[in-house]
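Enquirer: Could you work out the structure for the sequence below:
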Amino acid sequence: MNPIVLTIIISSLGLGTTMTFMGTHWLFMWMGLEINTLAITPLMINQHHPRAVEATTKYFITQATASALLLFASVTNAWASGEWSLLEMINPTSATLATIALALKIGLAPLHFWLPEVLQGLNLTTGLILSTWQKLAPFAILLQLYPTLNPNLLLFLGVTSVIVGGWGGLNQTQLRKILAYSSIAHLGWMIMILHYSPNLTQLNLTLYIIMTSTTFLLFKTFNSTKINSISTSAIKSPLLSIITLMTLLSLGGLPPLTGFMPKWLILQELTKQNLNISATIVAFATLLSLFFYLRLCYSMTLTMSPNSIHLSSSWRTKILQPNLLLMTTACLSILLLPLTPTIFMLTL
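Expert: Take a look at the predicted model:
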C-alpha cells in the first residue's frame, strides 16, 4: 500500500476514536464511529483475496446496521427528552437499543456471529487492529452510558459471551478464529461488570489489549495461522515459544500470570453484589476457554514438528531480529500480577 494512503488511513483511525472519546453529542460520537469503520475497510480489503473481500463485506454490513440502530436510539432519546447529549440518556428504550447496537459493534454474544468469520478473512496485522483498537470507541460510549444501562441486560450479554466464547473455540483449528472466540469471552467479562464497577472494565480492557496484542505479534512473528503450523515455533525460536506459552496461559487466566488479575477482581466484585450464580457460571465457563489455550500450548511445546508441512516460511528460518514492542507487551502480559494491589488502588 502507498505510504501516503496508509498514513491517511491510520490517521483516520486515530481521528475517529479520538472524536468518540472527546464528544458528548450523539451525532459527533456517531460520526467518530463511522470514520473508524470507513478507515479500516481499505486495510481489510487490501489483500484482494476472495476471503478478504467477503470479510470486508460482512464487516461493513454489520457495522452499518449497528450504526443505524445507534443513530435510531439517539434520535428516539432526543425525541423523548429534547437532549442530544450522551449523558442525558433518560429513555429506557433508547438505552436498550444503544446497548444492543454497541454489543453488535464489538461482537458480544448472541450478536457475535460476524466476528470469527471476519477475523478469519484478515491478515494478522489487520486482525490485531480489529481486535484491539476498534473496541476502544464503543467502550468509550458504554463507559459514559453505564449508569443508565439495564444491568440485567448487561449481565445476560456478559454471561452469554463468556459461555459462547469458550464453547465456540473448542473445535477450531484456525488461530484467528480461536482469537476471535477468545475476544468474545473477554468482552463478556468486561460487559458484565460494567454497571457495578466501570473501573474494573477499563482495567480488563487494558490488560486484554496488551495480552491480545502480544499473541497476535507472536503469531505474526512465527507466520502461523493454524494449530498444526505452530508446532515448528520451538525450532524457530525456543525463547519466543516459551513467551507464547506464558501469554496463552495468561489469556486463559491462570495464576501467577497477569490474566488472573481481572478475573479475580471481577469475581470478587460479583460476589459483593450478591451475584453468586453468575460468578459461578462464568468461572466454570472460563474452563472451556482454558481448554483450547492449553491445546495451543500442547501443540506448540509438547509435539514434534511434522516431517512435511506446507508453509510459506521454512522450518529452518531463525528469528533473530529484536522487537521492542513485542517484548514490552509480553512482559506486561506475564508479570503484572504481583502489582495487583497497586493497580487496584489506582482504579478506585
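
Enquirer: tell me the mean pLDDT over stretch 285-300?
Expert: Mean per-residue pLDDT for stretch 285-300: 90.

Enquirer: again, but for stretch 1-14
Expert: 90.

Enquirer: give the contact list for Ile9.
Expert: Shown in contact with Ile9 (CB atoms under 8 Å, 6 or more residues apart in numbering): Ala39, Ile40, Pro42, Leu43. All C-beta atoms are positioned from the backbone trio N, CA, C, and that covers glycine.

Enquirer: Counting neighbours, what do you get for Gly245?
Expert: Small correction: residue 245 is Leu, not Gly. 21 (other CB atoms under 10 Å).

Enquirer: Where does it sit, in terms of helix or strand?
Expert: helix 238-252 (DSSP states H and E).

Enquirer: among the contacts of Ile9, which are in strands?
Expert: Mapping the contacts of Ile9 onto strands (DSSP state E) picks out no residues; all lie outside.

Enquirer: In terms of distance to Trp84, which of the residues you listed ranks first?
Expert: Set against Trp84, the nearest of the contacts of Ile9 by CB to CB is Ala39 (24.4 Å).

Enquirer: Contacts only, for that closest one.
Expert: Ile9, Ile10, Ser12, Leu13, Leu15, Gly16.

Enquirer: Count the neighbours of the closest residue to it other than its chain neighbours for me.
Expert: Sequence neighbours aside, Ser12 is the residue nearest to Ala39 in space, at 3.6 Å (criterion: CB to CB, 6 or more residues apart in numbering). Summarising burial for Ser12: neighbours were counted as other CB under 10 Å, giving 16.

Enquirer: The helix or strand hosting Ser12: how far from the chain's middle?
Expert: Element membership of Ser12 [criterion: DSSP H and E] is helix 3-22. Offset of helix 3-22 from its chain centre (CA atoms, centre = their mean, to the nearest Å): 19 Å.

Enquirer: Report the buried residues of that helix.
Expert: Ile9, Ser12, Leu13, Gly16, Thr17, Thr18, Met19, Thr20 (16 or more other CB atoms under 10 Å).

Enquirer: And the lowest-mean-pLDDT helix or strand in the chain, what does it pack against?
Expert: Lowest on mean pLDDT, DSSP states H and E among the helices and strands of the chain sits helix 233-236, with a mean of 74. Judged by 3 or more CB pairs under 8 Å, 6 or more residues apart in numbering; DSSP states H and E, helix 233-236 is in contact with helix 238-252, helix 276-301.

Enquirer: Now tabulate those in a markdown table and tack on distance to Thr125.
Expert: As requested, the helices and strands packed on helix 233-236 are exported to a markdown table (distance: least, CB to CB, whole Å):
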| stretch | distance to Thr125 |
| --- | --- |
| helix 238-252 | 17 |
| helix 276-301 | 20 |
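
Enquirer: Deepest-packed of those helices, please.
Expert: helix 238-252 (a mean of 21; mean count of other CB atoms under 10 Å).

Enquirer: how far off helix 238-252 does the following helix or strand past that helix point, in degrees?
Expert: Counting by DSSP H and E, the element after helix 238-252 in chain order, helix or strand, is helix 260-272. Helix 260-272 and helix 238-252 are oriented at 10 degrees to each other (axes from the mean of the first three to the mean of the last three CA atoms, to 10 degrees).

Enquirer: what residues does helix 260-272 touch?
Expert: By CB under 8 Å, 6+ apart, helix 260-272 touches 189, 192-193, 196-197, 200, 203-204, 207-208, 250, 253-255, 276, 278-279, 282-283, 286, 336-337, 340, 343-344.

Enquirer: swap in stretch 274-284?
Expert: Leu155, Gly158, Val159, Val162, Ile163, Gly188, Trp189, Met192, Lys263, Leu267, Leu270, Thr271.

Enquirer: Go through the helix or strand where the second one lies and flag the buried ones.
Expert: Okay, so that is Gly158. With secondary structure defined by DSSP H and E, Gly158 is part of helix 151-168. For helix 151-168, burial by neighbour count (16+ other CB under 10 Å) applies to 153-166, 168.

Enquirer: what packs against that helix?
Expert: Using 3+ CB pairs under 8 Å, 6+ apart, the elements in contact with helix 151-168 are helix 92-106, helix 175-192, helix 276-301.

Enquirer: which residues of the stretch 51-200 of the chain score low on pLDDT?
Expert: Filtered on pLDDT under 70, the stretch 51-200 of the chain yields no residues whatsoever.

Enquirer: Please identify which of the helices and strands packed on helix 233-236 is closest to Met89.
Expert: Here helix 276-301 is closest among the helices and strands packed on helix 233-236 (CB to CB), at 24.6 Å.

Enquirer: After that closest one, which helix or strand is next?
Expert: Downstream of helix 276-301 (by DSSP H and E), the next one is helix 324-335.
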